[in-house]
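> quick one: sequence plus predicted model below, questions after.
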Amino acid sequence: MSSAFSLARAFSLPLALLLGAAVAPPIQAQVIRIDGSSTVYPVTEGVAEDFQKAQKGRIKVTVGISGTGGGFRRFCRGEVDIQSASRPIEEKEMAGCRAAGIAYVELPIAFDAITVVVHPRNNWLKSITVDELKAIWAPEAQGKINRWRQVNPAWPDAPIKLFGAGADSGTFDYFTEAIVGRSRASRGDFTASEDDNVLVQGVAQDVNALGYFGFAYYAENQRRVKALPVSPGAGQPAVLPTEQTVMAGTYQPLSRPILIYVSAKALARPEVRQFAQYYIENTARIAREVKYIPLETAQYKVLLEHLAQPKLGTVFGGHNEVGVKIDEVLRRPAKL
Amino acid sequence: MVDQRSDDPSAALARYARARKKRILRERIIEGVLFLAACVSVLTTVGIVYVLLKESLVFFTKVPIWEFLTDTEWTPLFAEPRFGIWVLMSGTITSSLVALSIAIPLGTIIAIYLSEFAGHRTRETLKPILELLSGVPTIIYGYFALLFVTPLLQRIYPELPGFNVLSAGLVMGLMIIPYVSSLSEDAMRAVPMSLREGSYAMGATKLQTALFVVFPAALSGVASAYILGISRAVGETMILAVAAGMQPSLSFNPLEPAATITSYIVQVALGDLPHGSIGYQTIFAAGLSLLVLTLCFNLAGHWLRRRFREAY
Amino acid sequence: MSRPLDPAEVRALIRRHRRWDLMFGILGLISLAIGILTLLTLFIDMAITGIPRLSAEFFTSFPSRRASQAGILSAWVGSILVMMVTAIVAVPLGIAGAVYLEEYARRNWLTDVIEINITNLAGVPSIIYGLLALGLFIYTFGLGQSILTAGLTLALLILPIVITTTREALRSIPQYIREGAYACGASRWQVIRHHLLPYGTPGILTGVIIGLSRAIGETAPIITIGALTFIAFLPPVPFTGEPPAGLFDWLNSPFTVMPIQIFNWTSRPDPAFHQNAAAASFVLVFMTLGMNALAIWLRYRLRKNIAW
């Protein structure tokens, strides 16, 4: 008698939990859900934190880091209200959103500058050109270009140690498109890592190293690595990535916009609209804090207008673009 | 003495028959519930296979399976994609071998020591402390391997790259020791004292008893422990994702960086690729290959255990 | 035939074997030392970096972009709640499954399939469970990105461990215990419930300890099913609120867990976050220690009752 009951008792708690969860109301009501890229995360986190404080906890914001790809999938299923992306929405994802009836406003909110770095005691490189970078990073270089002298005879005869972003990241995508000319075309024999801190460490430990990663990681480690000014083409001046040069648009081609996408359906909710406005108004301050590069104040005003209209769709046509000028981008027509 | 309640024997029999039927019914129901619980694991596998197959089939319509199995490079995310699964397999196999070459010998020795040599106090204190090794979150182990073990190894062998399979494998092996030692020790302690006493009576030393009497008697449990350890090694994700680098290369050299099936899956699933692209589908194909690999040596292990099961 | 034994030879033989015994004893101690030394190194390494950062506000603050203000409140609360669900689901399921396989199942092909299945599942990488959970719990059952989903996913993850160790625990109980009980007229379930499970509890606890320790440190599957990295509010307190819905609303709440905070903080460029990560790692290992210690104490108390 009691023995059979004990079996029932053992299972009653889990079953009760499941039933209880079924009848409990979803918490979603007053929560703004954000997901997406871990690159954009530091900015979004800062905005969410300040917004919640300003609202004294009346409106709740949550931020996830499933990655740009995973985030778009959720976004196009209507599970999140705002998607943060380190690249524009791609064709397949646009189709998914269209199929699910999700319209969105695309807002480029800040810049990240991909910084090319070498060891501080690297005395042969004062700057580097895109052509030289291409010679080093192109797929044809795999196994063949192993020493600095092979790229430029003025450089020493020492081995090249390369560090770069993982092949699934937006950074890799953008760098290859900007330098090699084709997205994801790169040599395979380099040390790849998702964690840019590891790349910093790699370059900082090897005098023959060359690496690339986001600006924020350079800014926090200026004593450990040296950034190289990049010259976009023959005869053009080499530009060091700083807030000024990126905002002015002279650090090319390695400046890339980071964006957020706000779902139109979510915009209908007043708290989401409030948050999106707050985001645009406060990104400049917060981006600087986390070492990203903000846009111009005037450009943020245009973004506010786009939000208010709302200007639905993407201006990038479903693929990445190198060397964008925000003023020009903001004027382009958008397509869903 | 006559039972006052039932002067009618047939009534008593009828009561007994009813009670027995109720008991049998209850036993059946309990057995059914327990069976369902055991089936949950089968359902989990069915679910996993379904999820993996669904996307893999789409993948294999685009990439011929022959190419998948024989290509020597794995660069599915590059502009010219190459899909050779053996590249990732070599990473998984190398890292598992490094880990197991630490975990199995050390784990077994520790198990024998704790079970046969150590005193009661020692055993009861040290065993739980050792189990803590398996409790440290794998992500912490990953950074430990990267930031502590690798520099340490680099002092011995300066040519060692910052990312390498050796550090990750060593740390993985240390993590798996409790799986092997705790379960083996439990199995060895379950061997009845009578067997040991018989051996001692014949003049055997502790070591001889342990190796030739207790260990073989506990072989089934020890093999269970080994198989659990192997499964854990093959399925480990974060330690390798953090410390072994993401450089897929078809090599069995632990002194180089490598990508394993698991670290590749994590990298892509949490990355920036659009879901539904062929790059994303590679993780399902890779996951399916891993499932097939573990199934193969699980079948082998199962067969081995059946052969050596001892009853006492 | 056999020549008479020479006492000197015999003594030499015994001495040699005793030497081997001693050497093995030393070998065993060295092996133990390697394991324990690793643990100590890890712990001390984390403690040195992390302890200075520990303070009351660290435990009671939410994540923040300013490293000095960031804390682990939502993380450790989330971890505890998720562990509760995992334990409540995995333990009965695991024990029930193991009992069936060990005591009831006939030795036929179906049982073999289930057994192989279970050992196979132990080797499936955790992120695949995440993908399974995404497809099954979130999209098919619609459970959403909640504590319940995370608990169920982790329960599935550690189920093979619990089942395997429970089976070994049951297997180690001598047959005569069962036979004695049957001889007294007990039914199969009565034997299990009143004899086998009590004796098997120490071994079962081993499996539960190992399983839950693994679950609390998992990162990849939890991110896949949508655990958050920034969440500045807590789930509602369990079982408070008006019944029936208010008792269980915490299950549907968004959440975060400790490994995710650590993962995120380690990958931030600001070195102050790395110190936060070390401190959080220290806390996480401490939490795991706590769970282990509790279960070990229970196991020790219960093992004393074993009489063979």
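Okay, I see it.

> what stretches of chain C score poorly on pLDDT?
Within chain C, the segments meeting pLDDT under 70 span C:1-2, C:240-247, C:305-308.

> let me see the contact set for residue B:27.
With contact taken as CB atoms under 8 Å, 6 or more residues apart in numbering or on different chains, residue B:27 is in contact with C:187, C:188, C:189. In short, each C-beta sits where N, CA and C put it, glycine included.

> and the spatially most central residue of chain A, how far from chain C?
Of all residues in chain A, the one closest to the mean position by CA atoms, centre = their mean is residue A:86, 2.8 Å from it. Applying CB to the nearest CB, to the nearest Å, the value for residue A:86 to chain C is 14 Å.

> returning to what we had before: would JSON lines of the contacts of residue B:27 with neighbour count be doable?
Below are those laid out as JSON lines (neighbours: other CB atoms under 10 Å in any protein chain shown):
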{"residue": "C:187", "neighbour count": "16"}
{"residue": "C:188", "neighbour count": "17"}
{"residue": "C:189", "neighbour count": "22"}
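
> within reach of chain A, which of those are there?
With the criterion set as CB under 8 Å from any CB of the partner chain, the members of the contacts of residue B:27 near chain A are residue C:189.

> among the contacts of residue B:27, which one lies nearest to chain A?
residue C:189 (5.7 Å; CB to the nearest CB).

> do the helix or strand where that closest one lies and chain B meet?
Using DSSP states H and E, residue C:189 sits within helix C:188-191. Yes. Using CB under 8 Å from any CB, helix C:188-191 reaches chain B at C:188, C:189.

> please name every helix or strand in contact with that helix.
Secondary-structure packing of helix C:188-191 (3 or more CB pairs under 8 Å, 6 or more residues apart in numbering or on different chains; DSSP states H and E): helix A:2-23, helix B:9-62, helix C:175-183.

> of the ones you listed, which is nearest residue B:134?
helix B:9-62 (21.1 Å; CB to CB).

> how about residue A:108, secondary structure?
Here residue A:108 takes the strand state, with states given by DSSP: H, G, I helix; E, B strand; the rest coil.

> poorly predicted segments of the stretch 201-312 of chain B, please.
Applying pLDDT under 70 to the stretch 201-312 of chain B picks out residues B:271-272, B:309-312.

> quick check: closest non-adjacent residue to the residue nearest to the centre of chain A.
Leaving aside its sequence neighbours, residue A:86 sits nearest to residue A:170 (CB to CB, 6 or more residues apart in numbering or on different chains; 3.6 Å).

> quick check: pLDDT value at the one you found.
Here, the pLDDT recorded for residue A:170 equals 81.

> that one: neighbour count?
When neighbours are counted by other CB atoms under 10 Å in any protein chain shown, residue A:170 registers 27.

> and what of the one 4 residues further on?
Other residues near residue A:174 come to 25 when the count uses other CB under 10 Å.

> which parts of chain B are helices?
All helices of chain B, identified by DSSP state H, fall at B:9-62, B:65-70, B:85-112, B:120-131, B:138-144, B:150-156, B:165-189, B:193-201, B:206-209, B:215-217, B:219-235, B:238-243, B:261-269, B:278-307.

> now the one helix or strand residue C:75 maps to: buried residues?
Per DSSP H and E, residue C:75 falls inside helix C:73-99. Neighbour-count burial for helix C:73-99 flags C:73-79, C:81-83, C:85-99 (criterion: 16 or more other CB atoms under 10 Å in any protein chain shown).

> that helix close to chain B?
Yes. Judged by CB under 8 Å from any CB, helix C:73-99 comes into contact with chain B at C:92, C:93, C:96, C:97, C:98, C:99.

> nearest residue to the third one other than its sequence neighbours?
What it means is residue C:96. The spatial neighbour of residue C:96 that comes closest, neighbours along the chain excluded (CB to CB, 6+ apart), is residue B:37 at 3.5 Å.

> what does the first one give?
Using CB to CB, 6+ apart and skipping the chain neighbours, the partner closest in space to residue C:92 is residue A:10 (4.3 Å).

> mind giving me CSV with the helices and strands packed on helix C:188-191 and columns for distance to residue A:330?
Below are the helices and strands packed on helix C:188-191 laid out as CSV (distance: least, CB to CB, whole Å):
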stretch, distance to residue A:330
helix A:2-23, 45
helix B:9-62, 38
helix C:175-183, 78
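
> quick one: contacts of stretch C:26-42?
With contacts defined as CB under 8 Å, 6+ apart, stretch C:26-42 is touched by B:106, B:109-110, B:112-114, B:117-118, B:126, B:129-130, B:132-133, B:136, B:140-141, B:144, B:148, B:174, B:177-178, C:285.

> filter those to the buried ones?
B:106, B:109-110, B:112-114, B:117-118, B:126, B:129-130, B:132-133, B:136, B:140-141, B:144, B:174, B:177-178, C:285.

> okay, now the residue of chain A found nearest chain B: neighbour count?
Residue nearest to chain B within chain A (CB to the nearest CB): residue A:168, separated by 3.2 Å. When neighbours are counted by other CB under 10 Å, residue A:168 registers 28.

> ditto for residue A:240
Residue A:240 has 15 neighbouring residues, counting by other CB under 10 Å.

> ok so, going back, nearest to residue A:286, of the helices of chain B?
Each of those has some distance to residue A:286 by CB to CB; the shortest is helix B:138-144, at 27.4 Å.

> just the helices in chain A please.
A:2-23, A:41-54, A:67-75, A:91-100, A:130-137, A:148-151, A:170-179, A:196-205, A:215-219, A:243-248, A:264-267, A:270-289, A:297-308, A:326-331.

> mind checking the ones you listed for the one nearest to residue C:172?
Nearest of the helices of chain A (CB to CB): helix A:2-23, 21.8 Å.

> wouldn't residue B:123 be in contact with residue B:114 here?
Yes. Counting by CB atoms under 8 Å, residue B:123 does reach residue B:114; the two are 4.9 Å apart.

> most tightly packed of the helices of chain A?
Burial of these is given as mean neighbour count (mean count of other CB atoms under 10 Å in any protein chain shown); helix A:67-75 ranks first at a mean of 28.

> list of residues touching that helix?
With CB under 8 Å, 6+ apart as the test, helix A:67-75 has contacts from A:35-38, A:64, A:66, A:80, A:83-87, A:89-90, A:93, A:96-97, A:102, A:104, A:168, A:170, A:261, A:263, B:269-277, B:280, C:224, C:226.
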